[in-house]
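In: Just the structure for this:
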Amino acid sequence: MADVMLDTLESTGWLEIAGLNPADTQRAVRAAQESGEPLASVVRRLGFLSDMAIADALAKAHGLTRLSAKDFAEEDPAEGAINPEFLNSSQACIAQINEDGVLLALADPSVPDISDAVALATGKPVTLALAPLADIEAALARYFGTPEDTTDPTHTSSADDADAEHLRDLASEAPVVRLVNDLIKDALANRASDIHVEPYRDRLRIRLRIDGVLHDRESPSASLAQLVVSRIKIIADLDIAERRRPQDGRARVSISGTPLDLRVATTPSAHGESVVIRLLEDRDSEVNLHNLGLSEKDETLLMKTLAAPFGLILVVGPTGGGKTTTLAGAISTLNTPERKVISIEDPVEYQIDGVTQIAVRPAVGLTFANALRSVLRQDPDVIVVGELRDQETAEIAVNAALTGHLVLATLHANTAAGAPARLIDMGIDPSLLRSTLRLILSQRLIRLLCPKCKKKVKGQWTAVGCDACANTGYHRRTGLYESIELNAELLDMIQPGLSALEFERAARKAGALSLADDGRAKIAAGLTDANEIWRVIGEHVGPSA
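Out: Numbers count the residues shown, from 1 in each chain. Here you go, the predicted model:
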């Protein structure tokens, strides 16, 4: 019986029995080799399998009986003959002793020499069995007690680690896994862009951001808060023992056959960790500029600028304002056989055939700036930069526009008129901007009135609410745009100390329409209402005059 288990070069066959996928198997084996830990301990620590699943698989692989909690004696059957520290470190426990011998429960049959040691100490033959680690630890605590509580801060780390391991086991159980999977499925089915998981004293609040607005969903019990958060952190490969600092992670999952990239951000709060999950669905459908909500004037202006051989086009607005979709529409327009188009994105959201798309990976040194330098050696005609985040990236992009490339980029700025001043503040030479900047497009996303229930009141369409729109009165979104074409007068204004307010006044004088103007036009067309425009841009607008 001892020879059944004592193979320190343990097989990974039991992981296949447990249903662990090849990628996670390789990762666990590599971690075991690097750390020197037994493979079963690594699999448990990484949260790949629950205690029960590990015990079941190991029992089948080694032909051993699988014990449950009820199979352990109420009191120490060895009557103190075995050192409890030795049993704890070996993840083993004597479950029963009778005249036929000792029934020894193991959490991991790869631990060497334990069978012989128990046989020597008890003077009886040993029969091995498998049991979940949690059942073994519970029996040992019942037999020998637990270490006394202490306020010594040196004990905090080990207590936290033990708690984290226990949480990992619980969070890997089927009910919690199913709950989190169902949460992501619900978000996907309702076209949500984000999932908010927020713990409070008496509840775990779940909200989905749908069409830019948060909506409450059915809340799980507050007792599940830590388990739900731990499961999400396991998916995103975050440290579940670290609850005092914010963490960011990513995951690639498949829900009902739909591949998703998840961006996970955690932050400590008064009642636990608050988590936000951004859902990024693979999109391979071509985006058509005609369908984004651009006015005829703005679309004509954009198309004219896209036809230029070089220059800089900026798309500005807040996070979640639809800038990536607008860039995808522009790329689709520029994607012709005679042009080489290269984009640098974080992440790649739209898969566009014929375009070389690069996803930045800061962890390995592939930043926007580094990728942009590499792109310039690839002989591109059009370069798309997902975001001008810093001076270095912005300088390279502006110089690329100066040397014969058409460059499209996004920038965080509140208005189109504020973009030049924002770049100057980042350290960009105003003279370079005067030589390269061609068009600035600012945008937001607004909700469309639900076509099934919208109602005309006093000559204006307004939101009502029905089953089709979940009683919100709105369904799906469109873009709200303003654009500024850089004429000679506006280019001359791009100097150190540029006032965004003065630049905007000059742009309006030159005929540039504002976001509010576009909002009025969309209200008049019955696409949205004044309340929605107010929500998005904070301006009261009425129908077009």
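
In: Against A78, how distant is the residue of the chain most remote from its centre?
Out: The C-alpha centroid of the chain is most remote from E99, which lies 57.5 Å away (Cα atoms, centre = their mean). Separation of E99 from A78 (Cβ to Cβ, to the nearest Å): 14 Å. Where C-beta positions appear, they are placed from N, C-alpha and C, glycine not excepted.

In: Any stretches of the stretch 401-545 of the chain with poor pLDDT?
Out: Low-confidence segments of the stretch 401-545 of the chain (pLDDT under 70): 542-545.

In: How confident was the prediction at the residue nearest to A31 when sequence neighbours are not counted?
Out: Using Cβ to Cβ, 6 or more residues apart in numbering and skipping residues adjacent in sequence, the residue nearest A31 is V42, 4.9 Å away. Here, the pLDDT recorded for V42 equals 79.

In: Any regions of the stretch 1-150 of the chain where pLDDT drops low?
Out: Within the stretch 1-150 of the chain, the ranges that satisfy pLDDT under 70 run 1-11, 34-36, 47, 112-113, 146-150.

In: which residues in it form strands?
Out: Taking DSSP state E, counting those that start in this stretch, the strands of the stretch 1-150 of the chain run over residues 65-66, 92-98, 101-106, 126-130.

In: go on, the stretch 351-500 of the chain?
Out: Here the stretch 351-500 of the chain has its strands, by DSSP E, counting those that start in this stretch, at 356-359, 382-385, 406-411, 437-449, 455-457, 460-462, 474-485.

In: Put together a markdown table for these, with distance to S219 on each row.
Out: Supplementary listing: these in a markdown table, determined by distance: least, Cβ to Cβ, whole Å:
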| stretch | distance to S219 |
| --- | --- |
| strand 356-359 | 35 |
| strand 382-385 | 41 |
| strand 406-411 | 36 |
| strand 437-449 | 25 |
| strand 455-457 | 32 |
| strand 460-462 | 31 |
| strand 474-485 | 24 |
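
In: want to try CSV for the strands of the stretch 1-150 of the chain, with distance to A138 and mean neighbour count as columns?
Out: Output for the strands of the stretch 1-150 of the chain, formatted as CSV (distance: least, Cβ to Cβ, whole Å; neighbours: other Cβ atoms under 10 Å):
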stretch, distance to A138, mean neighbour count
strand 65-66, 16, 16
strand 92-98, 9, 21
strand 101-106, 11, 24
strand 126-130, 15, 20
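
In: between these, which gets nearest to Y474?
Out: Distance to Y474, taken as Cβ to Cβ, is lowest for strand 65-66 among these, at 54.4 Å.

In: Please, where are all the helices along the stretch 401-545 of the chain?
Out: Secondary structure of the stretch 401-545 of the chain (DSSP state H, counting those that start in this stretch): helices at 419-425, 430-436, 488-493, 500-509, 515-524, 530-537.

In: okay if I get those as CSV plus distance to R191 and mean neighbour count?
Out: Output for the helices of the stretch 401-545 of the chain, formatted as CSV (distance: least, Cβ to Cβ, whole Å; neighbours: other Cβ under 10 Å):
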stretch, distance to R191, mean neighbour count
helix 419-425, 30, 21
helix 430-436, 38, 18
helix 488-493, 39, 14
helix 500-509, 34, 16
helix 515-524, 21, 21
helix 530-537, 17, 18
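
In: Nearest to D24, out of these?
Out: Comparing the helices of the stretch 401-545 of the chain under Cβ to Cβ, the one sitting nearest is helix 530-537, at 43.0 Å.

In: so the closest one versus strand 437-449, what angle?
Out: Here helix 530-537 points in a direction 140 degrees away from that of strand 437-449 (axes from the mean of the first three to the mean of the last three Cα atoms, to 10 degrees).

In: quick one: contacts for G354?
Out: By Cβ atoms under 8 Å, 6 or more residues apart in numbering, the contact list for G354 reads N335, P337, V341.

In: just to revisit the earlier point, hmm, the residue nearest to A31 is touching A32, no?
Out: Yes - assessed by Cβ atoms under 8 Å, V42 is found in contact with A32 at 4.5 Å.

In: State the number of residues packed around the nearest residue to R27 once chain neighbours are set aside.
Out: Computed as Cβ to Cβ, 6+ apart, the closest residue to R27 that is not its neighbour in sequence is L46, at 7.3 Å. Residues lying near L46 (other Cβ atoms under 10 Å) number 16.

In: who's in contact with L46?
Out: L46 touches D24, R27, A28, A31, counting by Cβ under 8 Å, 6+ apart.

In: Can you tell me which of those end up in helices?
Out: D24, R27, A28, A31 (DSSP state H).

In: Give me the buried subset of these.
Out: If you count burial by 16 or more other Cβ atoms under 10 Å, the buried members of the ones in helices among the contacts of L46 come out as R27, A28, A31.
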